[in-house]
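>>> structure here, sequence nowhere to be found:
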Ligand code: 4AD
Ligand code: MG
């Protein structure tokens, strides 16, 4: 038998709720709350799995333990040993009657108190501590499940999980949002999307996906923009626009269903209900979206990107996710395949969340022809030299292919009905925040 710290733990907190009265437990965790009523001290003990009430009675513990209990501050890491008891008044109907107790790592006076929190930015300045709060924990556990479900989905469909560099030389999504970095005397950038590398990979693996960060020097301070965010991207050979929309629909249904089933506890903490989605998702064209926006009083010029206000108004017309298809060439990146029926438009689609949340994914068919791609690179004012390898792929058996990228934070924001995407990130990065 070892007497290591971890060996003192007999159960995790969430296991205690299924133990019978009288069971003995050794727990490790943090004190989330503490109160004293005369000869009783109540603790809320939190570990990585849950929170349970611990009750200490002065008469039942040694004098030393009682002293420690009186002095210990919230957020100290502690060891508790005691007996499980039914208590209908306690959270979850069970509590632990404390018999032994020791402080493993004391905490100073906790700085995040109701009176200290004067603004949201105070909380984000203290994010390294504030992330222990029940809501943040619930959101991050759901995020973790979200990513697991994406992995499960793509593996079940035979996709290969690949990685792409984050230090790159070319813009995938336009020069305006590139983050330059000094790279041994040359200019390089942080990656905006792994798409171009995925396209190289499909000729080896056929179907690939990527889960990694993307960087955008977005100056816009909106509730939907981060400068560092995570994207789940997929790309497949021989796939066309309708196929890639179907793939996104299946992915979103799979992930939402997984979260609805596996994250009940966390959804309860957030007071959110997640319903299964029922496919197919409605599809409207860019032209139809423009008409809706006009009717709602948010007109914009054909050929422009859909402005945020208009996008919100369009999205409010739907109560489940939907696609907007066939964006004009002028509203898309250089690599989008023109529509053979109308070359002013592209074979592209955005996946939109309903109820005003708006775009969560962008995808479509890529140009696989060398000459056409070269022409587009020039038209878009890009440097063909930095795109040389990407162009060259078109000389060596590049079939029609499609893909998409879905934003993890945007999707979670919609699913959990959060005000701002930053609350879905442990340490968010925005134009005004690189600390902590
Ligand atoms: O629409 P975007 O720019 O598309 C691409 O990057 C494609 N190359 C993806 C692909 O086809 N492989 O970005 C994809 C998604 C957006 O729909 C949005 O959900 C998210 O990434 N996104 C952001 N999320 C948070 N903050 C930002 N600044 C974001 N920019 C894009
Ligand atoms: Mg987009």
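Now that the structure is in, tell me what you want to look at. As the structure is a prediction and not an experimental result, all values here were calculated from the model. Ligands and ions are numbered 1, 2, ... in the order given.
>>> C-alpha only now, for contacts and for neighbours.
Fine.
>>> all helices for the stretch 251-400 of the chain, in order.
264-270, 286-295, 308-315, 370-379, 388-392 (DSSP state H, counting those that start in this stretch).
>>> which residues sit in contact with residue 241?
Applying Cα atoms under 8 Å, 6 or more residues apart in numbering, we find residue 241 in contact with 347, 348, 349, 364, 365, 402.
>>> can you name the residues that contact the first one?
What it means is residue 347. Counting by Cα under 8 Å, 6+ apart, residue 347 has contacts 241, 325, 326, 327, 336, 337, 338, 339, 364, 365.
>>> got it, and the fourth one?
The contact partners of residue 364, by Cα under 8 Å, 6+ apart, come to 240, 241, 244, 245, 336, 337, 347, 348, 349, 402, 403, 404.
>>> from the residues you listed, pick the one nearest residue 291.
Nearest to residue 291 among the contacts of residue 364 is residue 349, at 17.1 Å by Cα to Cα.
>>> tally up the residues packed near that closest one, please.
By the criterion of other Cα atoms under 10 Å, residue 349 has 26 neighbours.
>>> shouldn't it be in contact with residue 323?
Yes. Contact between residue 349 and residue 323 holds when scored by Cα atoms under 8 Å: they sit 6.2 Å apart.
>>> can you list residues touching both of these two?
Contacts common to residue 349 and residue 323, judged by Cα under 8 Å, 6+ apart, are residue 245.
>>> each with direction, which strands does the longest strand seen in the chain pair with?
In the chain, with assignment by DSSP state E, the single longest strand is strand 24-37. Looking at strand 24-37 with DSSP bridges, its partner strands are strand 40-46 (antiparallel), strand 77-86 (antiparallel).
>>> so which of the ones you listed gets nearest ligand 1?
Smallest distance to ligand 1 across the strands paired with strand 24-37 (Cα to the nearest ligand atom): 31.6 Å, for strand 40-46.
>>> and the contacts of the closest one?
13, 29-36, 51-58, 69-70.
>>> contacts with ligand 1 among these, please.
The overlap between the contacts of strand 40-46 and the neighbours of ligand 1 (Cα under 6 Å from any ligand atom) is empty.
>>> buried among those? Need that as a selection in ChimeraX.
For the buried members of the contacts of strand 40-46, the matching ChimeraX selection, counting by 16 or more other Cα atoms under 10 Å, is:
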select :13,29,30,31,32,34,51,52,53,54,55,56,57,58,69
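>>> stretch 396-405: end-to-end distance?
Start-to-end span of stretch 396-405 (Cα to Cα, to the nearest Å) is 25 Å.
>>> repeat for stretch 17-24
Span of stretch 17-24 from end to end, Cα to Cα: 12 Å.
>>> go on, stretch 399-413?
36 Å.
>>> pull out the buried positions in it.
Here stretch 399-413 shows 399-413 as buried, counting by 16+ other Cα under 10 Å.
>>> could you measure from residue 359 over to ligand 1?
Using Cα to the nearest ligand atom, to the nearest Å, residue 359 is found at 5 Å from ligand 1.
>>> for residue 370, see how far away that residue is.
Residue 359 is 30 Å from residue 370, by Cα to Cα.
>>> those two - which one has more neighbours?
Taking other Cα under 10 Å, residue 359 and residue 370 do not tie; residue 359 has more neighbours (25 against 16).
>>> in the sheet, who's paired with the more buried one?
If you apply DSSP bridges, the partners that residue 359 bridges to are residue 352.
>>> show me what contacts it?
311, 350, 351, 352, 353, 410.
>>> could you do residue 353 as well?
315, 320, 321, 322, 359, 360, 411, 414.
>>> near ligand 1, which of the contacts of residue 347 show up?
Okay, of the contacts of residue 347, nothing touches ligand 1 (Cα under 6 Å from any ligand atom).
>>> so can I have CSV of those showing pLDDT?
What follows is the contacts of residue 347, written out as CSV (pLDDT from 0 to 100):
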residue, pLDDT
241, 98
325, 98
326, 98
327, 98
336, 98
337, 98
338, 98
339, 98
364, 98
365, 98
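>>> nearest to ligand 1 among those residues?
Out of the contacts of residue 347, the member with the shortest distance to ligand 1 (by Cα to the nearest ligand atom) is residue 364, at 6.7 Å.
>>> distance of that closest one relative to residue 310?
Residue 364 is 22 Å from residue 310, by Cα to Cα.
>>> can you check residue 104 too?
Taking Cα to Cα, one finds residue 104 at 55 Å from residue 310.
>>> more neighbours: these two, which one.
residue 310 (22 against 14).
>>> so which residues on the stretch 201-350 of the chain come close to ligand 1?
Near ligand 1, when you scan the stretch 201-350 of the chain using Cα under 6 Å from any ligand atom, you find 216, 218, 224, 225, 226, 227, 229, 231, 233.
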